[in-house]
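>>> got a structure for you, letters missing:
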Ligand SMILES: NC(=O)NCCC(=O)O
(Lines give C-alpha, C1' and ligand atoms only; values in the text may rest on other atoms or scores of the structure.)
Protein backbone atom coordinates (compact mmCIF):
# COMPACT_ATOMS: atom_id res chain seq x y z
CA UNK A 1 0.00 0.00 0.00
CA UNK A 2 1.45 3.39 -0.97
CA UNK A 3 1.00 6.77 0.71
CA UNK A 4 -2.13 7.66 -1.24
CA UNK A 5 -3.98 4.37 -1.63
CA UNK A 6 -5.97 5.25 1.46
CA UNK A 7 -8.37 7.89 0.24
CA UNK A 8 -10.50 8.56 3.28
CA UNK A 9 -9.88 7.60 6.88
CA UNK A 10 -13.54 7.71 7.89
CA UNK A 11 -14.62 5.52 4.96
CA UNK A 12 -11.88 3.07 5.86
CA UNK A 13 -13.28 2.80 9.40
CA UNK A 14 -16.78 2.35 7.99
CA UNK A 15 -15.61 -0.37 5.62
CA UNK A 16 -13.72 -2.48 8.12
CA UNK A 17 -15.21 -1.96 11.57
CA UNK A 18 -18.26 -3.92 12.75
CA UNK A 19 -21.28 -1.62 13.30
CA UNK A 20 -21.33 -1.81 17.11
CA UNK A 21 -17.60 -1.03 17.34
CA UNK A 22 -17.78 1.65 14.65
CA UNK A 23 -20.29 3.70 16.63
CA UNK A 24 -18.09 3.63 19.71
CA UNK A 25 -14.88 4.29 17.75
CA UNK A 26 -16.48 7.35 16.15
CA UNK A 27 -17.72 8.62 19.50
CA UNK A 28 -14.23 8.33 20.97
CA UNK A 29 -12.42 9.63 17.89
CA UNK A 30 -14.69 12.52 16.97
CA UNK A 31 -16.91 13.13 20.01
CA UNK A 32 -19.89 13.18 17.64
CA UNK A 33 -23.27 11.48 18.00
CA UNK A 34 -25.12 9.83 15.11
CA UNK A 35 -27.71 12.63 15.12
CA UNK A 36 -25.06 15.18 14.22
CA UNK A 37 -25.13 14.22 10.56
CA UNK A 38 -26.78 17.04 8.63
CA UNK A 39 -29.15 16.11 5.82
CA UNK A 40 -28.37 18.24 2.82
CA UNK A 41 -30.94 19.37 0.26
CA UNK A 42 -31.07 17.51 -3.08
CA UNK A 43 -30.28 20.75 -4.90
CA UNK A 44 -26.87 20.76 -3.23
CA UNK A 45 -26.08 17.05 -3.51
CA UNK A 46 -27.22 16.99 -7.17
CA UNK A 47 -24.67 19.69 -8.05
CA UNK A 48 -21.95 17.74 -6.21
CA UNK A 49 -22.78 14.46 -7.96
CA UNK A 50 -23.03 16.10 -11.38
CA UNK A 51 -19.66 17.81 -11.00
CA UNK A 52 -17.90 14.95 -9.23
CA UNK A 53 -17.07 16.43 -5.86
CA UNK A 54 -17.69 15.07 -2.38
CA UNK A 55 -20.29 16.79 -0.18
CA UNK A 56 -20.79 16.08 3.52
CA UNK A 57 -22.91 17.69 6.22
CA UNK A 58 -22.64 17.77 10.04
CA UNK A 59 -24.12 19.84 12.84
CA UNK A 60 -22.81 20.96 16.23
CA UNK A 61 -25.53 21.61 18.75
CA UNK A 62 -25.58 23.75 21.90
CA UNK A 63 -27.78 23.59 24.97
CA UNK A 64 -31.03 25.52 24.81
CA UNK A 65 -30.72 28.77 26.75
CA UNK A 66 -33.47 30.77 28.47
CA UNK A 67 -32.41 34.19 27.31
CA UNK A 68 -30.50 33.79 24.05
CA UNK A 69 -31.97 32.15 20.99
CA UNK A 70 -29.82 29.55 19.19
CA UNK A 71 -27.32 31.26 16.89
CA UNK A 72 -27.22 28.85 13.98
CA UNK A 73 -24.80 29.46 11.16
CA UNK A 74 -23.90 27.22 8.24
CA UNK A 75 -20.31 27.17 7.14
CA UNK A 76 -18.94 25.75 3.88
CA UNK A 77 -15.31 24.65 3.55
CA UNK A 78 -14.07 24.07 0.01
CA UNK A 79 -11.07 21.89 -0.86
CA UNK A 80 -10.02 21.42 -4.47
CA UNK A 81 -7.29 20.54 -6.91
CA UNK A 82 -6.08 22.88 -9.64
CA UNK A 83 -7.59 22.30 -13.09
CA UNK A 84 -5.05 22.99 -15.85
CA UNK A 85 -1.38 22.08 -16.04
CA UNK A 86 0.93 24.64 -14.44
CA UNK A 87 2.28 25.39 -17.94
CA UNK A 88 -1.05 26.86 -19.13
CA UNK A 89 -1.38 30.65 -19.22
CA UNK A 90 -1.93 32.41 -15.90
CA UNK A 91 -5.33 33.66 -16.99
CA UNK A 92 -6.49 30.26 -18.24
CA UNK A 93 -5.34 28.53 -15.05
CA UNK A 94 -7.08 31.09 -12.84
CA UNK A 95 -10.35 31.07 -14.78
CA UNK A 96 -10.46 27.26 -14.85
CA UNK A 97 -10.12 27.13 -11.04
CA UNK A 98 -12.68 29.95 -10.70
CA UNK A 99 -15.19 27.96 -12.73
CA UNK A 100 -14.70 24.83 -10.67
CA UNK A 101 -15.01 26.66 -7.34
CA UNK A 102 -17.96 28.81 -8.51
CA UNK A 103 -19.92 25.57 -8.92
CA UNK A 104 -18.91 24.49 -5.43
CA UNK A 105 -20.02 27.84 -4.03
CA UNK A 106 -23.34 27.37 -5.83
CA UNK A 107 -23.72 24.02 -4.07
CA UNK A 108 -22.82 25.68 -0.76
CA UNK A 109 -25.57 28.25 -1.36
CA UNK A 110 -28.03 25.45 -2.15
CA UNK A 111 -26.99 23.80 1.14
CA UNK A 112 -27.86 27.01 2.99
CA UNK A 113 -24.30 28.10 3.80
CA UNK A 114 -23.98 31.59 5.30
CA UNK A 115 -20.18 31.67 5.22
CA UNK A 116 -17.85 29.96 2.77
CA UNK A 117 -14.06 29.72 2.84
CA UNK A 118 -11.56 28.57 0.21
CA UNK A 119 -8.20 26.89 0.64
CA UNK A 120 -4.95 28.91 0.77
CA UNK A 121 -3.88 30.66 -2.47
CA UNK A 122 -6.88 29.12 -4.14
CA UNK A 123 -6.52 30.78 -7.56
CA UNK A 124 -3.16 29.19 -8.38
CA UNK A 125 -0.91 26.16 -8.08
CA UNK A 126 1.13 26.23 -4.87
CA UNK A 127 4.28 27.18 -6.79
CA UNK A 128 6.29 28.45 -3.83
CA UNK A 129 8.35 25.26 -3.80
CA UNK A 130 10.04 26.28 -7.05
CA UNK A 131 11.68 29.51 -5.82
CA UNK A 132 11.15 30.85 -9.37
CA UNK A 133 9.56 34.29 -9.50
CA UNK A 134 8.24 34.01 -13.05
CA UNK A 135 5.52 33.44 -13.90
CA UNK A 136 4.15 32.69 -10.42
CA UNK A 137 4.23 36.27 -9.11
CA UNK A 138 1.83 37.14 -11.92
CA UNK A 139 -0.91 35.35 -10.00
CA UNK A 140 -0.75 38.10 -7.35
CA UNK A 141 -3.69 40.50 -7.42
CA UNK A 142 -5.11 43.36 -5.37
CA UNK A 143 -7.08 42.35 -2.30
CA UNK A 144 -9.88 44.90 -2.57
CA UNK A 145 -10.15 45.55 -6.29
CA UNK A 146 -8.57 42.49 -7.86
CA UNK A 147 -10.45 40.34 -10.38
CA UNK A 148 -11.05 37.46 -7.97
CA UNK A 149 -12.52 39.64 -5.21
CA UNK A 150 -14.77 41.34 -7.78
CA UNK A 151 -15.95 38.02 -9.16
CA UNK A 152 -16.66 36.65 -5.66
CA UNK A 153 -18.35 39.87 -4.51
CA UNK A 154 -21.10 39.24 -7.06
CA UNK A 155 -21.57 35.70 -5.77
CA UNK A 156 -21.56 36.87 -2.13
CA UNK A 157 -24.37 39.30 -2.89
CA UNK A 158 -26.36 36.88 -5.04
CA UNK A 159 -26.19 34.13 -2.43
CA UNK A 160 -26.34 36.41 0.66
CA UNK A 161 -23.18 34.73 1.85
CA UNK A 162 -19.93 35.89 3.48
CA UNK A 163 -17.02 34.67 1.37
CA UNK A 164 -13.46 34.34 2.68
CA UNK A 165 -10.86 33.73 0.05
CA UNK A 166 -7.14 33.34 0.34
CA UNK A 167 -4.94 34.78 -2.42
CA UNK A 168 -1.48 35.97 -3.31
CA UNK A 169 -1.92 39.72 -2.82
CA UNK A 170 -0.09 42.49 -4.64
CA UNK A 171 -0.23 45.78 -2.77
CA UNK A 172 0.01 48.18 -5.72
CA UNK A 173 0.09 51.31 -3.57
CA UNK A 174 2.92 50.16 -1.35
CA UNK A 175 5.83 49.24 -3.56
CA UNK A 176 3.94 46.42 -5.35
CA UNK A 177 4.71 44.31 -2.29
CA UNK A 178 3.43 40.73 -2.30
CA UNK A 179 1.59 39.17 0.64
CA UNK A 180 -0.29 35.98 1.41
CA UNK A 181 -3.71 37.34 2.22
CA UNK A 182 -7.21 36.27 3.16
CA UNK A 183 -9.95 38.63 1.93
CA UNK A 184 -13.35 38.84 3.59
CA UNK A 185 -16.36 39.83 1.50
CA UNK A 186 -19.62 40.55 3.33
CA UNK A 187 -22.96 39.04 2.38
CA UNK A 188 -23.83 42.41 0.80
CA UNK A 189 -21.02 41.89 -1.66
CA UNK A 190 -18.83 44.54 0.02
CA UNK A 191 -15.12 44.18 0.73
CA UNK A 192 -14.97 43.95 4.52
CA UNK A 193 -11.21 43.71 4.98
CA UNK A 194 -8.18 41.46 4.82
CA UNK A 195 -5.71 39.59 6.95
CA UNK A 196 -2.12 38.87 5.94
CA UNK A 197 -0.42 35.61 6.92
CA UNK A 198 1.56 36.21 10.10
CA UNK A 199 3.92 33.23 10.12
CA UNK A 200 5.76 32.10 7.00
CA UNK A 201 7.19 28.59 6.68
CA UNK A 202 10.82 27.87 6.03
CA UNK A 203 10.47 24.11 6.07
CA UNK A 204 10.94 21.45 3.40
CA UNK A 205 9.77 22.72 0.02
CA UNK A 206 7.68 25.49 1.57
CA UNK A 207 9.93 28.31 0.39
CA UNK A 208 7.25 30.92 0.83
CA UNK A 209 9.51 33.59 2.30
CA UNK A 210 11.02 33.92 -1.20
CA UNK A 211 7.73 35.39 -2.35
CA UNK A 212 6.04 37.43 0.36
CA UNK A 213 6.51 39.13 3.69
CA UNK A 214 5.36 38.37 7.22
CA UNK A 215 1.90 39.90 7.67
CA UNK A 216 1.35 43.35 9.17
CA UNK A 217 -2.35 43.14 9.97
CA UNK A 218 -2.09 41.68 13.50
CA UNK A 219 -5.21 39.58 14.35
CA UNK A 220 -8.37 41.12 12.93
CA UNK A 221 -11.78 39.68 13.71
CA UNK A 222 -14.51 40.48 11.20
CA UNK A 223 -17.94 41.11 12.63
CA UNK A 224 -20.40 39.74 10.07
CA UNK A 225 -24.14 39.21 10.08
CA UNK A 226 -23.42 35.53 10.80
CA UNK A 227 -20.87 35.80 13.58
CA UNK A 228 -17.38 37.02 14.41
CA UNK A 229 -14.85 35.37 12.16
CA UNK A 230 -11.09 35.36 11.70
CA UNK A 231 -8.50 33.66 9.52
CA UNK A 232 -5.30 31.96 10.63
CA UNK A 233 -3.51 31.19 7.38
CA UNK A 234 -1.85 27.75 7.03
CA UNK A 235 1.50 27.59 8.87
CA UNK A 236 0.06 29.99 11.48
CA UNK A 237 -1.75 26.96 12.89
CA UNK A 238 1.53 25.76 14.45
CA UNK A 239 1.63 28.91 16.62
CA UNK A 240 -0.72 28.77 19.61
CA UNK A 241 -0.32 32.53 20.21
CA UNK A 242 -1.64 33.24 16.73
CA UNK A 243 -4.79 31.25 17.48
CA UNK A 244 -4.98 32.85 20.91
CA UNK A 245 -4.97 36.43 19.64
CA UNK A 246 -7.94 35.78 17.35
CA UNK A 247 -9.73 34.44 20.41
CA UNK A 248 -8.80 37.47 22.51
CA UNK A 249 -10.22 39.69 19.78
CA UNK A 250 -13.51 37.83 20.08
CA UNK A 251 -13.54 35.34 17.20
CA UNK A 252 -16.26 32.69 17.24
CA UNK A 253 -15.06 30.87 14.12
CA UNK A 254 -11.44 30.79 12.92
CA UNK A 255 -10.80 29.50 9.41
CA UNK A 256 -7.43 27.97 8.54
CA UNK A 257 -7.01 27.96 4.74
CA UNK A 258 -3.97 25.76 4.09
CA UNK A 259 -1.78 24.01 1.54
CA UNK A 260 0.20 21.21 3.05
CA UNK A 261 1.50 17.77 2.17
CA UNK A 262 1.31 14.40 3.87
CA UNK A 263 5.02 13.79 4.24
CA UNK A 264 5.33 16.97 6.27
CA UNK A 265 2.28 17.60 8.40
CA UNK A 266 -0.43 14.95 8.25
CA UNK A 267 0.13 13.70 11.83
CA UNK A 268 -0.28 17.27 13.10
CA UNK A 269 -3.33 18.13 11.01
CA UNK A 270 -6.03 16.61 13.17
CA UNK A 271 -4.52 17.95 16.37
CA UNK A 272 -3.60 21.60 15.99
CA UNK A 273 -6.86 23.19 14.86
CA UNK A 274 -8.82 20.92 17.18
CA UNK A 275 -6.68 21.91 20.12
CA UNK A 276 -7.05 25.59 19.16
CA UNK A 277 -10.84 25.17 19.23
CA UNK A 278 -10.62 23.75 22.73
CA UNK A 279 -8.06 26.23 24.09
CA UNK A 280 -9.88 29.28 22.73
CA UNK A 281 -13.54 28.24 23.02
CA UNK A 282 -14.31 28.85 19.34
CA UNK A 283 -14.92 26.80 16.20
CA UNK A 284 -12.05 26.11 13.81
CA UNK A 285 -12.22 25.22 10.13
CA UNK A 286 -8.94 23.86 8.70
CA UNK A 287 -9.07 23.50 4.90
CA UNK A 288 -6.37 21.86 2.77
CA UNK A 289 -6.05 21.46 -0.99
CA UNK A 290 -5.92 18.12 -2.86
CA UNK A 291 -3.99 16.76 -5.83
CA UNK A 292 -0.45 16.69 -7.09
CA UNK A 293 0.90 19.76 -8.88
CA UNK A 294 3.73 19.32 -11.35
CA UNK A 295 5.96 22.24 -12.30
CA UNK A 296 7.84 22.73 -15.58
CA UNK A 297 11.34 22.95 -14.09
CA UNK A 298 13.02 20.67 -11.60
CA UNK A 299 13.94 22.03 -8.19
CA UNK A 300 15.75 20.54 -5.22
CA UNK A 301 14.62 20.46 -1.61
CA UNK A 302 18.04 21.41 -0.29
CA UNK A 303 18.27 18.04 1.48
CA UNK A 304 20.72 16.32 -0.84
CA UNK A 305 17.88 14.42 -2.50
CA UNK A 306 17.20 14.25 -6.24
CA UNK A 307 15.75 17.22 -8.12
CA UNK A 308 12.03 16.83 -8.81
CA UNK A 309 9.06 18.67 -10.28
CA UNK A 310 6.32 17.80 -7.78
CA UNK A 311 5.38 19.12 -4.40
CA UNK A 312 2.37 17.05 -3.44
CA UNK A 313 0.25 15.16 -2.98
CA UNK A 314 -1.73 17.59 -0.87
CA UNK A 315 -3.93 15.53 1.44
CA UNK A 316 -7.18 17.51 1.73
CA UNK A 317 -8.85 16.17 4.92
CA UNK A 318 -10.63 19.43 5.73
CA UNK A 319 -12.72 19.30 8.90
CA UNK A 320 -14.43 21.43 11.53
CA UNK A 321 -13.68 21.35 15.27
CA UNK A 322 -15.91 22.70 18.02
CA UNK A 323 -15.04 24.38 21.34
CA UNK A 324 -16.15 21.28 23.24
CA UNK A 325 -13.41 19.29 21.46
CA UNK A 326 -15.70 17.35 19.13
CA UNK A 327 -14.98 17.43 15.41
CA UNK A 328 -16.35 16.29 12.08
CA UNK A 329 -14.73 13.46 10.18
CA UNK A 330 -12.41 14.73 7.45
CA UNK A 331 -13.23 15.16 3.80
CA UNK A 332 -11.27 12.82 1.55
CA UNK A 333 -7.51 12.92 1.07
CA UNK A 334 -7.66 13.15 -2.71
CA UNK A 335 -11.01 14.49 -3.92
CA UNK A 336 -12.51 17.94 -4.35
CA UNK A 337 -15.03 18.44 -1.59
CA UNK A 338 -17.49 20.71 0.16
CA UNK A 339 -17.93 20.30 3.91
CA UNK A 340 -21.15 21.89 5.18
CA UNK A 341 -21.40 22.35 8.93
CA UNK A 342 -24.15 23.90 10.99
CA UNK A 343 -22.78 25.53 14.14
CA UNK A 344 -24.67 26.91 17.09
CA UNK A 345 -22.39 29.76 18.11
CA UNK A 346 -23.94 29.76 21.59
CA UNK A 347 -21.64 26.83 22.26
CA UNK A 348 -18.65 29.22 22.50
CA UNK A 349 -19.98 30.99 25.61
CA UNK A 350 -21.37 27.77 27.06
CA UNK A 351 -17.92 26.18 26.91
CA UNK A 352 -16.29 29.33 28.32
CA UNK A 353 -18.71 29.11 31.26
CA UNK A 354 -18.14 25.39 31.71
CA UNK A 355 -14.37 25.09 31.41
CA UNK A 356 -13.42 28.67 32.27
CA UNK A 357 -10.37 28.64 29.98
CA UNK A 358 -10.78 32.33 29.17
CA UNK A 359 -11.21 33.33 32.84
CA UNK A 360 -8.24 31.27 33.98
CA UNK A 361 -5.98 32.36 31.12
CA UNK A 362 -3.70 34.58 33.34
CA UNK A 363 -2.93 37.08 30.59
CA UNK A 364 -0.95 39.51 32.82
CA UNK A 365 1.28 36.63 33.99
CA UNK A 366 2.11 35.68 30.42
CA UNK A 367 2.39 39.29 29.24
CA UNK A 368 5.14 39.77 31.82
CA UNK A 369 6.84 36.49 30.91
CA UNK A 370 6.66 37.17 27.14
CA UNK A 371 8.09 40.63 27.67
CA UNK A 372 11.04 39.17 29.57
CA UNK A 373 11.51 36.35 27.03
CA UNK A 374 11.67 38.81 24.16
CA UNK A 375 14.41 40.99 25.73
CA UNK A 376 17.99 40.44 24.43
CA UNK A 377 19.26 39.82 27.97
CA UNK A 378 16.62 37.17 28.72
CA UNK A 379 17.80 34.32 30.91
CA UNK A 380 15.66 31.14 30.85
CA UNK A 381 14.13 30.38 34.27
CA UNK A 382 15.96 27.14 35.04
CA UNK A 383 16.54 25.78 38.50
CA UNK A 384 19.42 23.33 38.92
CA UNK A 385 20.72 21.32 41.80
CA UNK A 386 23.55 23.23 43.44
CA UNK A 387 27.00 21.73 42.99
CA UNK A 388 28.12 23.26 46.31
CA UNK A 389 28.43 20.66 49.08
CA UNK A 390 25.84 20.97 51.88
CA UNK A 391 27.35 22.11 55.20
N1 LIG B 1 1.32 26.89 3.16
C2 LIG B 1 1.97 26.67 4.26
O3 LIG B 1 2.15 27.53 5.10
N4 LIG B 1 2.46 25.41 4.39
C5 LIG B 1 3.37 25.03 5.38
C6 LIG B 1 3.26 23.61 5.69
C7 LIG B 1 2.51 23.35 6.94
O8 LIG B 1 2.48 24.21 7.81
O9 LIG B 1 1.96 22.27 7.06
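Received, thanks. On a predicted model such as this, the values are computed, not experimentally measured, just so you know. Residues are numbered from 1 along each chain as shown.
>>> Spell out which residues of the stretch 101-250 of the chain are next to the ligand.
Counting by C-beta under 6 Å from any ligand atom, the residues of the stretch 101-250 of the chain close to the ligand are 120, 201, 206, 234, 235. The way it works is simple: take the backbone N, C-alpha and C, and place the C-beta from them, glycine included.
>>> chain center to stretch 111-120, what's the gap?
Put simply, stretch 111-120 sits 11 Å off its chain's centre (C-alpha atoms, centre = their mean, to the nearest Å).
>>> try stretch 190-199
In terms of C-alpha atoms, centre = their mean, the centre of stretch 190-199 is found 14 Å from the chain centre.
>>> Let me know the average pLDDT across that stretch.
Stretch 190-199 carries an average pLDDT of 98.
>>> do stretch 146-158 as well
Stretch 146-158 shows a mean pLDDT of 98.
>>> Same check on stretch 20-37?
The average of the pLDDT scores along stretch 20-37 is 92.
>>> Now that stretch: buried residues?
Using 16 or more other C-beta atoms under 10 Å as the test for burial, stretch 20-37 gives 26, 30, 31, 32, 36.
>>> What about those, which are in helices?
Applying DSSP state H to those, the entries found in helices are 26, 30.
>>> Can I get the buried residues of stretch 20-37 in CSV including distance to residue 264?
Formatted as CSV, those follow (distance: C-beta to C-beta, whole Å):
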residue, distance to residue 264
26, 27
30, 24
31, 27
32, 28
36, 31
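>>> Which ones, among the buried residues of stretch 20-37, also lie beside the ligand?
Of the buried residues of stretch 20-37, not one also sits near the ligand (C-beta under 6 Å from any ligand atom).
>>> From the buried residues of stretch 20-37, pick the one nearest the ligand.
Nearest to the ligand among the buried residues of stretch 20-37: residue 30, at 21.9 Å, using C-beta to the nearest ligand atom.
>>> Surely the closest one and residue 326 touch.
Yes - between residue 30 and residue 326 there is a contact under C-beta atoms under 8 Å: 6.2 Å.
>>> what helix or strand is the most centrally placed residue in the chain on?
When C-alpha atoms, centre = their mean is applied to the chain, the residue found nearest the centroid is residue 256 (2.1 Å). Assigned by DSSP states H and E, residue 256 belongs to strand 253-258.
>>> what residues does the very next helix or strand once past that strand touch?
Where DSSP H and E defines the elements, the next helix or strand beyond strand 253-258 is helix 262-280. Residues from elsewhere that reach helix 262-280 (C-beta atoms under 8 Å, 6 or more residues apart in numbering): 3-4, 203-204, 206, 232, 237-238, 240, 243-244, 246-247, 251, 254, 256, 260, 282-286, 288, 313, 315, 317, 319, 321-325, 327, 330, 333, 357.
>>> Inside strands: which ones of those residues?
254, 256, 283, 284, 285, 286, 288, 315 (DSSP state E).
>>> now, the most widely separated pair of the residues you listed?
Greatest spatial distance among these (C-beta to C-beta): 283 and 315, at 21.7 Å.
>>> Give me the more crowded residue out of those two.
Set side by side, residue 283 and residue 315 show more neighbours around residue 283, with 29 against 25, by other C-beta atoms under 10 Å.
>>> Surely residue 43 is in a strand?
No - assigned with DSSP: H, G, I helix; E, B strand; the rest coil, residue 43 falls outside any strand and is helix.
>>> So for it, what's the nearest residue that isn't a sequence neighbour?
Nearest residue to residue 43 in three dimensions, chain neighbours excluded: residue 110, at 4.0 Å (C-beta to C-beta, 6 or more residues apart in numbering).
>>> any idea how far residue 85 is from residue 120?
Residue 85 sits 20 Å away from residue 120, going by C-beta to C-beta, to the nearest Å.
>>> So which of the two has more stuff around it?
A direct count of neighbours by other C-beta under 10 Å for residue 85 and residue 120 places residue 120 higher, at 25 against 13.
>>> What are the boundaries of the helices in the stretch 51-200 of the chain?
90-110, 147-159 (DSSP state H, counting those that start in this stretch).
>>> Adding mean neighbour count, write these out as TSV.
TSV is the format used below for the helices of the stretch 51-200 of the chain (neighbours: other C-beta atoms under 10 Å):
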stretch	mean neighbour count
helix 90-110	19
helix 147-159	18
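>>> Put together JSON lines for the residues of the stretch 101-250 of the chain next to the ligand, with distance to residue 72 on each row.
What follows is those, written out as JSON lines (distance: C-beta to C-beta, whole Å):
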{"residue": "120", "distance to residue 72": "27"}
{"residue": "201", "distance to residue 72": "36"}
{"residue": "206", "distance to residue 72": "37"}
{"residue": "234", "distance to residue 72": "28"}
{"residue": "235", "distance to residue 72": "32"}
